[in-house]
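In: Fold the stuff below for me.
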Amino acid sequence: MVGIRSSAQELFRAAYENRYTWDKNFPGYAADVTLKQDAEVFTGTVCVNPDLKAEVFEVADEQAKQAIHGQLFEVAIHRIRRSFEETHGKNSFSFGSTEDNGAVEILLGGKGDRYKVRNNEVCFVHRHIHGVVVTINTFSIHDTGEGYLSHRYDSVYHDPKTGEQKGGKSEFEDNYEKIGNYFILTRRMISTETAGEPTVQEFIFSNVKLLSAVNA
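Out: Have a look, this model is predicted:
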């Protein structure tokens, strides 16, 4: 078995609870935003409210506005603090293979979903979600001292029935800054290659201020 942990559920729970999340006192934040998309540059402002709803202002281009909103939505979803029981209480877990690098595969019963855990971190995700299968490999992390955040990772989507790849594989690099008591995303670079054509998006969030400081 794996060390002193007696079950796949305990191994996965420890990694799940080691993720960095925002606490219930999270006040929200405002920031300036710059989106660099190939040769184009878009600027505006954003706000993530205490309820984690995101808003984008002063971005005239609707496609750019939606792209910025989509990234903020993704960030906020992963910062929500839910207990292991809330998220995985109904799931069953079992061990899969163990890789030479120490990554231990965790299988979710009945769903076909699987994860890999290494160094108390989830380094691989293969999940059925919203009618597609998403596969994510994490290559490096930020250790905040209060949990880990992904730094470099990739993601790719497949059709769950045919296995056909949907869109290109995307490579991400995220950087965070501690603002007050909270780590906030300040830069995300996404490189995607579709049909041999590379596309690069860079989201830069600057002048970040917690809403508690703005409203004080």
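In: Residue 198: what's it in contact with?
Out: Each residue near residue 198 by CB atoms under 8 Å, 6 or more residues apart in numbering is listed here: 191-192. Heads up, the C-betas are built off the backbone N, CA and C, glycines and all.
In: What score does it have for pLDDT?
Out: The confidence metric pLDDT takes the value 86 at residue 198.
In: now it: how far from residue 192?
Out: Distance check for residue 198 against residue 192: by CB to CB, to the nearest Å, it reads 7 Å.
In: which helices and strands sit right next to whichever strand or helix holds residue 105?
Out: Applying DSSP states H and E as the criterion places residue 105 in strand 104-108. Helices and strands touching strand 104-108, as assessed by 3 or more CB pairs under 8 Å, 6 or more residues apart in numbering; DSSP states H and E, comprise helix 8-17, strand 93-98, strand 114-118.
In: rank the ones you listed by pLDDT, which is bottom?
Out: With a mean of 89, strand 93-98 has the lowest mean pLDDT of the helices and strands packed on strand 104-108.
In: Going along the chain, name the strands of the protein.
Out: Under the criterion DSSP state E, the chain carries strands at the ranges 29-37, 40-48, 54-57, 93-98, 104-108, 114-118, 121-129, 132-143, 148-158, 165-179, 182-194, 197-210.
In: ok, the longest one: who's next to it in the sheet?
Out: Partners of strand 165-179 in the sheet, by DSSP bridges, are strand 148-158 (antiparallel), strand 182-194 (antiparallel).
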